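S.K.: Just a sequence and a predicted model for now, questions to come.
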Amino acid sequence: MPYLKSSSKQALQLDLDRVTPQSPGELNYCITQLALDYLHTTAAYNYADLNAVIGVMEAAKQEFYRRMVVPYEEQKILENGDVYSARRPIDSTIVITRLIDGSVKLPANNTGDS
């Protein structure tokens, strides 16, 4: 998450306060327009600029998930019970060990070339 100085946040917030998306489509439109506006600040954007936009969107997604979705899900688990506690969890170390020692084989068509 970018931690901007208060003065930068306040300046940006003035513009953001004028826009409140009312649907997922409107939210998508606003995010897309912000990304396009950012790209148009460069004379001719390149792969690095496009990659930076994707990286920012991914980081924002992960931060949103961590800060908003995880607490919501944790509360719902407390209220309704955990789905994962109903079944025995998979121990990935056993699966990896069996792949390494050869006791488990991957399907023949799984060449990794696809």
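M.R.: Thanks, I have the structure now.
S.K.: all helices of this protein, in order?
M.R.: 6-16, 24-39, 47-64, 70-80, 92-101 (DSSP state H).
S.K.: Quick one: mean pLDDT for the last one?
M.R.: Going back to what we said before, that points to helix 92-101. Computed over helix 92-101, the mean pLDDT rounds to 68.
S.K.: quick one: Asn28 from Leu34, how far?
M.R.: 11 Å (CB to CB, to the nearest Å). No exception for glycine: its C-beta is placed from N, CA and C like everyone else's.
S.K.: For those two, indicate the residue with more neighbours.
M.R.: Leu34 (16 against 11; other CB atoms under 10 Å).
S.K.: Enumerate every residue touching the more buried one.
M.R.: With contact set as CB atoms under 8 Å, 6 or more residues apart in numbering, Leu34 has no partners.
S.K.: State the pLDDT value of it.
M.R.: 94.
S.K.: Can you list the buried residues in stretch 24-34?
M.R.: For stretch 24-34, the neighbour count (16 or more other CB atoms under 10 Å) marks Leu34 as buried.
S.K.: Could you list the low-pLDDT ranges of the chain?
M.R.: Counting by pLDDT under 70, the ranges of the chain that qualify are 1-2, 85-96, 98-99, 102-114.
S.K.: repeat that for 90
M.R.: 1-17, 41-45, 77, 81-114 (pLDDT under 90).
S.K.: separation between Leu12 and Leu34?
M.R.: 10 Å.
S.K.: Val19 now?
M.R.: 10 Å.
S.K.: Check Met57 too.
M.R.: Using CB to CB, Met57 is found at 10 Å from Leu34.
S.K.: before we move on, what about Ala43?
M.R.: Applying CB to CB to Ala43 and Leu34 gives a distance of 19 Å.
S.K.: And for Asp82?
M.R.: The gap separating Asp82 from Leu34 is 37 Å, by CB to CB.
S.K.: same question, Arg18
M.R.: For Arg18, the distance to Leu34 equals 13 Å [CB to CB].
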